[in-house]
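Visitor: Starting from these lines, generate the structure:
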Amino acid sequence: MSGNWQRFCNHLYVCDPVGLRLDTSRMRAGDELFERLDGAMREAYDAMHQLERGAIANPDEHRMVGHYWLRAPDLAPDSEIRGEIADCFARIRSFAEDVQTGRIASPTGEPFKNL
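Guide: Next up, the predicted model:
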C-alpha cells in the first residue's frame, strides 16, 4: 500500500450514527489525533444528542433549540413539536400550490410571475 493511502486509511474518522466522515490525512496532525480527540468528540456527540432530545440549550430563556428538526422532524423530542412542524409544512405546500395554480393571485388578479 502506498504511504498516502495508508495515511488516508489511518486518518479517516467515521461516525456512522451521525453520517460523519472526516479525512484529516492532509492535515499536519500526528497519528494519535483521534486518540487525543476521542473524549472531546464523544462529549460533543453526546451534547448534540441531548439537544436533539430537547435539552434546554439556552438556560436564560429556558428554551430548546431545534432548527435542525425542520430538516428531520422525527428528531423532535415529542409528538406536539413533530405535529406543529408537519402542520406548518402542509400549510406551506398548500400555499405554494395555490400560488402556482393561480388560486392565489396578485392584488390585480394576475397570476404571480416572480416571487
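
Visitor: just the strands in the protein please.
Guide: Using DSSP state E, the strands of the chain run over 12-15, 20-23.

Visitor: mind checking which of those strands is nearest H67?
Guide: strand 20-23 (18.7 Å; Cβ to Cβ). Every residue, glycine included, has its C-beta placed from N, CA and C.

Visitor: Check which residues of the closest one are buried.
Guide: When burial is assessed from 16 or more other Cβ atoms under 10 Å, strand 20-23 yields no buried residues.

Visitor: Ok, stretch 104-111 next?
Guide: Result for stretch 104-111 [16+ other Cβ under 10 Å]: no buried residues.

Visitor: ok so, going back, quick check: which of the strands of the chain is nearest to M41?
Guide: Nearest of those (Cβ to Cβ): strand 12-15, 7.7 Å.

Visitor: helices or strands up against the closest one?
Guide: Judged by 3 or more Cβ pairs under 8 Å, 6 or more residues apart in numbering; DSSP states H and E, the packing partners of strand 12-15 are strand 20-23, helix 33-52.
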